[in-house]
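Trainee: Quick one: sequence and predicted model below, then my questions.
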Amino acid sequence: MKNYSLFLFTLLQLISLVLGCHNAELEALSLLKMSFSDPANRLSSWTGKDCCRWKGVICNNVTGYIDHLDLRANPVWNFDNPLSLNAAPYQLEAKRLGPCLLELRHLNYLDLSGNDFQRSQIPEFIGSFKHLRYLNLSMASFWGVIPPQLGNLSRLEILDLDSSNLYGPPFHSDLVWISQLVNLRSLDLSGIYLTPTNKAMATLARLPSLVKLRLQDCGLGKAHLSHAFHNSTLLSRIQFLDLSMNMLDSPIPRFSVNMTSLKSLDLSFNMFNGYIPLWLNNIRGLEFLSLKGNSFSHVEGMAIMRVMGNPCKFKGLDLSWNYDLVAELESPPENFSKCTTHDLEMLDLSNNKIAGKLPYWLGYLRNLRRLNLGGNKLVGLIPTSIGRLPYLEELSLSRNGLNGTIPTSLQGLSSLQMLDLSHNSLNGIVPSFLGQLHSLTLLQLSNNLLTGTIPEVLGQHKTLVRISLSSNFLEGVVSDTHLTNLSSLKSLDLRFNSLILNLTSDWKPPFQLDELQLSCCRIESRIPQWIQSQKQLIFMDLSNTGISGDLPEWFWNMKFFGLNLSHNHLTGPITNLSFELSYGDLSYNLFSGSLPQGQVLDNGLVRTSLCHLKMLHVLDLQRNMLSGTIPDCWSSEQVYTINLSSNNLSGLIPKSIGLLPNLLFLNLNNNSLEGKIPKTFNKSRGLIILDLGENKLSGDIPKFSAKSHPNLQILRLRGNQLVGVLPVQLCSLPWLQILDLASNNLTGDIPQCFGNLNGMVLLPTTRNSSASSPTFPIEQTTMEVLKGKELQYTTNLKFVVNLDLSCNGLVGSIPEELTNLAGLVGFNLSNNHLTGIIPQKIGNMKSLESLDLSNNMLSGTIPPSISALNFLSHLNLSYNKLHGTIPTGNQLQTLDDPSLIYAGNPGLCGDALPKKCKIKQGVQQGSNHAQEEDDDHEEVEFYVVIFLGFATGFWGMVGSLVLMPGWRHVVFRRVENILNFLCAKLC
């Protein structure tokens, strides 16, 4: 019997080989091939007459008909070139799926996932494949309504229409048709907008065979899940349930308790908050639970591991990215000691607020493959017990407060592939045993306190792909030996150490890097020659490394995505920039010549214009010696930072720059640009910083407003030739914190509404905590005159609040409303023609550190409230017409050289000047409120005494004249003679 079966099987195989594939199916596949664009040549095997031998095609051994067609695209992330994701080289592309596929009537397996059908609809004829058991159209760029004809696939067991990673809602469906798929066991509708939600969920709940359901990002936020699943047999049958990314909110539906067969539950990236309920551990068969990306604040009972229903059989727990989740790990899970073995393979509690020390019991999780506790508040030492995990592949303890040395017990992690201990306070040396972890692909030890040298044994590690030792205190020489055998290396990051890169001149690297970061290391004076061999290098940072001279021609032809050569001594022209450049920083060098304008050379090479960099996000060329004009052809929708400041650029500001839709930061200051500020800047609604200072610009100040520039924080136009009055529209800018219009030819009054500048009214702590306040995505730099000096602000720029209108022709008085600017740090109105008094409430400007009102025509006394400015460290009131006593007390007493502060005001007197006040004032300047009240009483008493003295003298004289007639006649006669004498003189 056995021999007969073998004979029959062999005979069928021979028949199949003789028959080959059927002609109709052969022609159908040929037409299908012709309909595809195949950039990766995936269908190269589709030649000849026997289509059963073609890749992705399987024929039935008995009938010879095609029953299996697998054309799925499996694009692999290309670490050598992240831009390749857009190219999608593994995809087949077609405008639609052609009806020629109908000839494959015997199909029971069809997989077209991952290809690109360019937003065409799923064809209705798919519902004609009555033998189909497996259908996968996921991630294939199908769009529109799901055809109800899919309900005709009555034998279907697995249906995957996942479109969750595509932009927008590609599908929508009411799911009425799906009720006919009674044999369906696995269903994935992720990314499909289900309408109406409750009805769709009720339909799914009635599917009699379903055991796996994935509904990621289906818009279920308002669905009544408990009602939809009420009395459904699905609850007792379902084994895998994914409801992630649906904006579901608290509490977690309690119907989960009734899922007695449930093995995997994914509720990640919803809006659950409050506590994680411990009733979850009543689902005894649960093996995997993900509550990642919610807003849970604590676990009921605080013991985070108690959510595992069966700690012996539990395989995966992911509570990461809840941010405010407070819990402790020091206590082991309940019944933990009773387990003979622990099946837990994955534990991810990263990016929460888990505090305390790392527990010893982690070492008992012998089957653990992935452990991620990064981004928490863990302290203390790394327990040696972690070295007892023989299957551990990923260990991340980054971004905590761990200290001590890296324990030698970690050499026991023989399966370790990824080790991330970065951003802690680990000290000691980089241990040499890391070279013995032969499976290690990623080593991340950056941002610690490690000292000593880099062990040469790391250079023998052929599996290492990523090495980051940056931001430590490492020193010594990195030689050929450290790098010679790193044949798999893709990324090397040694920046911010005291390392010296000393490689032989003819050294040839065994690797092809995509990332090289050596900032602040010392390398040879010229750009290293071996970099020319790195054909896949897309990001390089050699800033502050001491390199100098002209860059070689081969360098400008490299295809960089990110390039940082700043703070060096590089010279010569910038001849070319990569088309793919996204981030370019060549600042603080000695580059000369014009900006790249674009040209085709005699040898056929193309030189790129700045305007042709379609992927550009950041361009920083400040502090060089570049000359010529700025090209007027900007059109990239990606660029958000342009810094060309402190060069020798001339000509007009290009109008096209103002039309860049996503521009946030524009610095063109300290050049020789001329002409008017282009009106196109009114289109740059996203601008946060606009710095055009120190040029030769003329015309009026643009009327920027909250409507045209709602996010503008810094407007710096100082040192130009601007004319006209201050636009009142500036008053509406809600976040303006630096307004510097100094050294122009502005005239007119200071608008009273400047006192409404909200960004200057708010105190720095209030302004920077505001959720609606625009932020700086990358570090920005600006120059500001504060405290009488020009200072550069970078990391602390958000704390600088400055109003500088100095050196103009402004007239009128200082509006009292300006004293509302309580957040102002610097206030400079010097060298104008201002009159009137210093505002009496100037003491309300509590944050002032620098105040300069010098060289005006201000009069009156110095307000006593000025002594309330507790942070004031620079004051200049010189050369005005002020008089009276100089206030004393508090911060005023600490200021240097009062003779300069008050010079040119001859009417001032006080203890701070050689000229002392002659008469003690009744009300002491600068005293506290109680003293002022005492002085008021003394003043009243003084006038009472004067009045009484006058009354006594007056009535003493009048009384004498009344009571003594003789004396009265003498006095009156004397007065009469004086009057006669005066009359004679006047006549």
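Mentor: Arrived safely.
Trainee: can you pull the contacts of residue 711?
Mentor: Applying CB atoms under 8 Å, 6 or more residues apart in numbering to residue 711 gives the contacts 664, 685-688, 735, 774. The way it works is simple: take the backbone N, C-alpha and C, and place the C-beta from them, glycine included.
Trainee: of these, closest to residue 231?
Mentor: Comparing these against residue 231 with CB to CB places residue 774 closest, at 52.2 Å.
Trainee: Out of the contacts of residue 711, flag the one nearest to residue 267.
Mentor: Taking CB to CB as the measure, residue 267 lies nearest residue 774 of the contacts of residue 711, at 33.6 Å.
Trainee: hmm, back to that, considering the contacts of residue 711, which is situated nearest to residue 253?
Mentor: residue 774 (38.9 Å).
Trainee: which of the contacts of residue 711 tops the neighbour count?
Mentor: The residue in the contacts of residue 711 with the most neighbours, by other CB atoms under 10 Å, is residue 687 (25 neighbours).
Trainee: How about the contacts made by it?
Mentor: 663-666, 681, 709, 711-712.
Trainee: same check, this time on residue 386
Mentor: Shown in contact with residue 386 (CB under 8 Å, 6+ apart): 358, 362-363, 371, 392, 395, 407, 409-410, 413.
Trainee: coming back round to it: with pLDDT and distance to residue 478 added, can I get the contacts of residue 687 in TSV?
Mentor: As requested, these are arranged in TSV below (pLDDT from 0 to 100; distance: CB to CB, whole Å):
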residue	pLDDT	distance to residue 478
663	94	40
664	94	38
665	94	35
666	96	39
681	91	48
709	93	48
711	93	44
712	94	46
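Trainee: wait, which of those residues is closest to residue 277?
Mentor: Here the nearest of the contacts of residue 687 to residue 277, counting by CB to CB, is residue 711; it sits at 42.0 Å.
Trainee: Distance check, that closest one against residue 684.
Mentor: 10 Å (CB to CB, to the nearest Å).
Trainee: same question, residue 212
Mentor: 51 Å.
Trainee: what about those two, which has more around it?
Mentor: Neighbours per residue, other CB under 10 Å: of residue 212 and residue 684, the larger number sits with residue 684, 23 against 17.
Trainee: With only the CA atoms kept, save stretch 275-293 in PDB.
Mentor: Backbone C-alpha positions of stretch 275-293 (Å, rounded to 0.1, in the frame of the first residue of the first chain) are rendered in PDB as follows:
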ATOM      1  CA  TYR A 275      -5.000  53.800  36.900                       C
ATOM      2  CA  ILE A 276      -4.400  50.500  35.200                       C
ATOM      3  CA  PRO A 277      -7.000  48.200  36.700                       C
ATOM      4  CA  LEU A 278      -5.800  45.000  38.300                       C
ATOM      5  CA  TRP A 279      -8.900  43.100  37.000                       C
ATOM      6  CA  LEU A 280      -6.800  42.600  33.800                       C
ATOM      7  CA  ASN A 281      -4.900  39.900  35.700                       C
ATOM      8  CA  ASN A 282      -8.100  37.900  35.800                       C
ATOM      9  CA  ILE A 283      -7.600  37.100  32.100                       C
ATOM     10  CA  ARG A 284      -5.600  34.000  33.100                       C
ATOM     11  CA  GLY A 285      -4.700  33.000  29.500                       C
ATOM     12  CA  LEU A 286      -3.400  36.400  28.600                       C
ATOM     13  CA  GLU A 287       0.200  36.200  27.300                       C
ATOM     14  CA  PHE A 288       0.700  39.600  25.700                       C
ATOM     15  CA  LEU A 289      -0.600  43.000  26.900                       C
ATOM     16  CA  SER A 290       0.200  46.400  25.400                       C
ATOM     17  CA  LEU A 291      -1.000  49.700  26.900                       C
ATOM     18  CA  LYS A 292       1.700  51.700  25.300                       C
ATOM     19  CA  GLY A 293       1.200  55.400  24.400                       C
END
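Trainee: Buried residues in that stretch, which are they?
Mentor: Buried residues in stretch 275-293, counted by 16 or more other CB atoms under 10 Å: 275-277, 280-281, 283, 286-293.
Trainee: Mind putting those residues into CSV with distance to residue 249 and pLDDT?
Mentor: Formatted as CSV, the buried residues of stretch 275-293 follow (distance: CB to CB, whole Å; pLDDT from 0 to 100):
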residue, distance to residue 249, pLDDT
275, 14, 89
276, 14, 89
277, 14, 86
280, 17, 84
281, 22, 81
283, 21, 85
286, 22, 91
287, 26, 94
288, 23, 95
289, 18, 95
290, 17, 96
291, 13, 96
292, 16, 97
293, 13, 96
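Trainee: how about the closest residue to residue 129 other than its chain neighbours, what does it touch?
Mentor: Leaving aside its chain neighbours, residue 129 sits nearest to residue 107 (5.1 Å; criterion: CB to CB, 6 or more residues apart in numbering). For residue 107, the contacting residues are 66-69, 129, 131-132, by CB under 8 Å, 6+ apart.
Trainee: Any buried residues in stretch 568-586, and which?
Mentor: Residues 568, 570-571, 574-578, 580-586 are the ones in stretch 568-586 that count as buried (16+ other CB under 10 Å).
Trainee: Is residue 656 in contact with residue 635, as I believe?
Mentor: Yes. Counting by CB atoms under 8 Å, residue 656 touches residue 635, with 6.7 Å between them.
Trainee: Quick check: residue 120 vs residue 137, distance?
Mentor: Separation of residue 120 from residue 137 (CB to CB) stands at 11 Å.
Trainee: neighbour-wise, which of the two wins?
Mentor: residue 137 (25 against 16).
Trainee: Helix or strand with the lowest mean pLDDT in this structure?
Mentor: Within the chain, no helix or strand scores below helix 84-87, which has a mean of 39 by mean pLDDT, DSSP states H and E.
Trainee: Which is the succeeding secondary structure element to it?
Mentor: Note on helix 84-87: by DSSP states H and E, the next helix or strand toward the C-terminus is strand 109-111.
Trainee: Please name the strands paired to that next one in the sheet, noting orientation.
Mentor: Paired neighbours of strand 109-111 in the sheet (DSSP bridges): strand 66-70 (parallel), strand 134-136 (parallel).
Trainee: and the shortest one, how far from the chain's centre?
Mentor: Chain-centre distance of strand 134-136: 40 Å, with CA atoms, centre = their mean, to the nearest Å.
Trainee: so after that strand, what's the next helix or strand?
Mentor: strand 144-145.
Trainee: which strands and helices sit next to that next one?
Mentor: Packing contacts for strand 144-145, counted by 3 or more CB pairs under 8 Å, 6 or more residues apart in numbering; DSSP states H and E, involve strand 171-173.
Trainee: Pull up the pairing partners for the helix or strand just after the strand it packs on, direction included.
Mentor: Following strand 171-173 in sequence order, the next helix or strand is strand 186-188 (DSSP H and E). Strand 186-188 has its sheet partners listed here by DSSP bridges as strand 158-160 (parallel), strand 212-214 (parallel).
Trainee: can you list these in CSV and add mean pLDDT and distance to residue 630?
Mentor: Listed next are those as CSV, based on pLDDT from 0 to 100; distance: least, CB to CB, whole Å:
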stretch, mean pLDDT, distance to residue 630
strand 158-160, 98, 52
strand 212-214, 96, 52
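Trainee: Those strands: which one's closest to residue 220?
Mentor: That would be strand 212-214 among those, by CB to CB, at 11.8 Å.
Trainee: List the buried residues of the helix or strand just after the closest one.
Mentor: Next helix or strand after strand 212-214 toward the C-terminus (DSSP H and E): helix 225-228. For helix 225-228, burial by neighbour count (16+ other CB under 10 Å) applies to 225, 228.
Trainee: Which residue ranges of this structure form helices?
Mentor: Assigned by DSSP state H, the chain shows helices spanning 2-19, 23-35, 84-87, 197-205, 225-228, 234-237, 553-556, 758-761, 764-769, 898-901, 929-963, 965-986.
Trainee: Any idea which of those helices has the lowest pLDDT on average?
Mentor: Note on those: lowest mean pLDDT is at helix 84-87, with a mean of 39.
Trainee: Alright, that wraps it up for me.
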